[in-house]
Structure formats: C-alpha cells, structure tokens
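> Take this sequence and fold it.
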Amino acid sequence: MAADKLSTRHLLGIKDINRNDIELIFETADNFKEVINRPIKKVPSLRDITIANIFFENSTRTKLSFELAEKRLSADVVNFAASSSSVSKGETLIDTVNNILSMKVDMVVMRHPYAGAGQFLSKHVKAQIVNAGDGAHEHPTQALLDAFSIRQKLGDVAGKKVVIVGDILHSRVAISNILCLQRLGAEVMVCGPTTLIPKHIHQLGVKVEHNLVKALNWCDVANMLRIQLERQDIKYFPSLREYAMMYGLNKQILDNLDKEIIVMHPGPINRGVEITSDVADSKQSIILEQVENGVAVRMAVLYLLASQG
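Numbering: from 1, shown residues only. Okay, here's the model as predicted:
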C-alpha cells in the first residue's frame, strides 16, 4: 500500500522521490483518469491554487498537458513564455520568478535549457517547483507517465524488460526513465550508436546494446527516442538516413520479432527516422495512450504537491 503523502515538497527529478511516492502518484492518477473520461471532466481540488507555467524553452505537448491538468483541477493558471519576456532583456532567473511569485503564485511548473535550474530555484523561492524538463538532465513527469502507461498495458512494471533506443546522450527522458523503471523493478537496456550512448552509463546498472534487432528481441517494451538535433553541437552520425537504416523501427522489423512488443515514444515523432508511420499507428503502439495518461499523471503530481503546501 502506498503512503498517503509524498516525501518531497517539489518534483525536481525522479532521483528525489522513492518507490512509495511513485506508487502514490499512480494510484492518484488512476482516480483522475476516471475523472477525465467523464462527461464533466473537472474537479474543484485546486480551486484556490495559482500555478505559473514558466517555459524558458519551446514546448507544445508538455505545456498543453500541464495546462490541461491544471484546468481540470480548477487551478488558476498563469502562462509565461520566456522567449517573449524580460528574460530576453537580461533579467535573471530568480528575478523573473520572484516577480511572478510576488503576484502570489503557489506553484511553478518550469522548463529550462540548463540542468539543475529547478533545483537552484527551489532553494531560493518559497513556491513549490515542478520540473517540466531541465536541459539534458531530467524530465520526471514524462518518466512517470511512461511507467504508468506500461503498468496500464502490462499490469505491472516489475520484472519487465524495457529498451530505450536512440539519442541517450542528449535525452532528459532517458535518464528519468531509467531511474523510474529501476525503482519499480524493471530491467533496462539502452540501444543506439556508440556516439550517442554516454560513456559511463553502465554505472546506472543498465545493459548496453548496439544492435537494434537484438535489443528488440530482448525487450517487452521499446521506448523510441527522438534524435535531438537542436542539442547536438557536433555530428554524432553521418546522416539521418543512415541513422534510420541502423536504428529506425519499421513494420518489417516489428513483424519479424520472436514476440509481440509494445512500442512507445515520448514525442514529437520524426516519422521515418526513429519510427515509421505504420509502426507509430500500429496496434502495438501506445503513443496516444501515453498522451492521455500524461494529463492524469500530471493532475496527480499537482494535486499531491498542493496537498502538502
């Protein structure tokens, strides 16, 4: 049985929460999933709470998902896009957030290009912080919704084999996923070209494989990551076409495997690069379930954090 409250005031990364916290978030998300499938999708749980979404980096799905979660909980929502703000005039992170907090905001959902930005902020401001992605460091709510989606599809995460394929080096999703899946008792493997696998990743207790078909035959679940061209300062592989030939998942590869596996993707999908359209739209893909679960999981996180103020 999960505990009835989280062990932390903020959600900065999976490394800061324990298995009980994850189970509690999942149980709460189960309840909210039922809410968002009702004709009236709103509950008054956060009626007097004001949440600021502060995005210092472009985001579509994560921002929409958080905003929808906040509105489904009846919170007051303030949106702030840093690219069109005073930050571009040289204002510091603490000044920006303190200005927003002086307007009496209770919680800040923040995405930032620098690793550790949420951690830094949590030490300097009174509001609760939810990390919506910090550089190539962590993206805790994505890892939670991915694990929640595996649990929904396979009944449990413990004992399952999950391979994360692609640009592990630049991915905040990969690190958060590894930590979250291991906390829940899954076995994790990473797969990709040598240049995109961090040098010391085996220290996290994950298997490393460079052959996609071998990795897929080993796993129950394949999480296909996007190639993050915007974070790559040098060329890590000759061309996208060559990457797709070596590490792209197509229907032929999927149909030739020894067993049926589940295919996931955190989005946005580069169709034809890491995954082809017929795989993304196949019955083995749970990509759209991940999106739906994202709202329920984020509702759970916001609700549980707000309840300990």
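
> measure stretch 7-24 end to end?
With C-alpha to C-alpha, to the nearest Å as the measure, stretch 7-24 spans 10 Å from end to end.

> got the contact list for it?
2-6, 118-119, 122, 128-131, 137-138, 140-141, 143-144, 147, 176, 179-180, 183-184, 301, 304-305, 308 (C-beta atoms under 8 Å, 6 or more residues apart in numbering). Any C-beta I mention is one placed from the backbone N, CA and C, and that applies to glycine too.

> Show me which of these are buried.
The neighbour count (16 or more other C-beta atoms under 10 Å) marks 6, 118-119, 122, 128-131, 137-138, 140-141, 143-144, 147, 176, 179-180, 183-184, 301, 304-305 as buried among these.

> Sitting in helices, which of those do you find?
118-119, 122, 140-141, 143-144, 147, 176, 179-180, 183, 301, 304-305 (DSSP state H).

> out of these, who's nearest residue 98?
residue 122 (13.4 Å; C-beta to C-beta).

> what's the closest one in contact with, if anything?
9-10, 12, 129.

> do residue 300 as well
By C-beta under 8 Å, 6+ apart, the contact list for residue 300 reads 25-26, 28-29, 31-32.

> which SS state does residue 199 fall under?
coil (DSSP: H, G, I helix; E, B strand; the rest coil).

> Just the pLDDT at it, thanks.
pLDDT for residue 199: 92.

> Need the nearest residue in space to residue 206, chain neighbours excluded.
Spatial nearest neighbour of residue 206, excluding adjacent residues (C-beta to C-beta, 6 or more residues apart in numbering): residue 188 at 4.6 Å.

> So that neighbour lies in a strand, does it not?
Yes. With three-state DSSP as the criterion, residue 188 is located in a strand.

> Tell me how far residue 288 lies from residue 154.
Plainly put, residue 288 is 17 Å away from residue 154 if you go by C-beta to C-beta, to the nearest Å.

> Oh, that last question was meant for residue 14, not what I typed.
20 Å.

> between these two, who's got more neighbours?
More crowded of residue 14 and residue 154, by other C-beta atoms under 10 Å: residue 14, with 27 against 14.
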